[in-house]
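Q: no sequence on this one, just coordinates:
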């Protein structure tokens, strides 16, 4: 069974979508714990309300990566809660070699574009600036690159005339909430084989 450690830095809407898919039986898994690098992130409040272990992880001195002692603490937290898969859900740090090795092939991420298009930050802004008619979201396995791992699933979203980053991201988020549980279900089904 998937025992998911969810990492997030913000509101936790993708965590909520995963937890609801588990609760209503669409996803055979459990939330092992929720970890955030932001002490007052709403994802931690959501987790507490849903009865899941909610852990703040101080990542100092690093601002953009999970490395060093904080990486070691993250691995210990996941292991203590029986996690066997990491779901990055709006986690705004780059995971480094230690966690990539400890959970090789068992880390997934969601990105707001149809990868390989528009990797990295500000994907919706990149899509608007490029003048594309379509973007979306991608759930993929995490490797050592930036948004380069094998794709599990994607969902498409049109870029409409007059879209702002905010209006486009709102539609992308709606599709993310469908795509993440769908991707995790595919992973869980492969475990059962």
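A: On my side now, so go ahead. Bear in mind the structure is a predicted one, so any value in this text is a computation, not a measurement. Residues are numbered from 1 along each chain as shown.

Q: Name the residues of the helix ranked longest in the chain that come out as buried.
A: What stands out as the longest helix in the chain, according to DSSP state H, is helix 165-192. Residues 168-169, 171-173, 175-177, 179-185, 187-188 are the ones in helix 165-192 that count as buried (16 or more other CB atoms under 10 Å). Glycine gets a C-beta too; all of them are placed from N, C-alpha and C.

Q: and if you look at stretch 82-91?
A: Buried-residue list, stretch 82-91, by 16+ other CB under 10 Å: 83, 84, 85, 86, 87, 88, 89, 90, 91.

Q: What are the boundaries of the helices in this structure?
A: Going by DSSP H, the chain shows helices at 13-23, 42-50, 68-80, 97-102, 123-130, 165-192.

Q: What is the last one packed up against?
A: Contact partners of helix 165-192 among helices and strands, from 3 or more CB pairs under 8 Å, 6 or more residues apart in numbering; DSSP states H and E: strand 2-8, helix 13-23, strand 85-88, strand 107-111, helix 123-130, strand 134-141, strand 151-158.

Q: Repeat that for the fifth one.
A: Taking 3+ CB pairs under 8 Å, 6+ apart as the contact definition, the neighbouring helices and strands of helix 123-130 are strand 134-141, helix 165-192.

Q: Dump those to CSV, plus distance to residue 114.
A: Output for the helices and strands packed on helix 123-130, formatted as CSV (distance: least, CB to CB, whole Å):
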stretch, distance to residue 114
strand 134-141, 5
helix 165-192, 10
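
Q: These: which one's closest to residue 124?
A: helix 165-192 (4.7 Å; CB to CB).

Q: Given the lowest-mean-pLDDT helix or strand in the chain, what are its sheet partners and their directions?
A: Least confident helix or strand, the chain: strand 65-66 with a mean of 90, by mean pLDDT, DSSP states H and E. Sheet pairing of strand 65-66 (DSSP bridges) gives strand 94-95 (parallel).

Q: model confidence over the strand it pairs with, on average?
A: Taken as a whole, strand 94-95 has an average pLDDT of 92.

Q: Quick one: distance of it to the chain centre.
A: 12 Å (CA atoms, centre = their mean, to the nearest Å).
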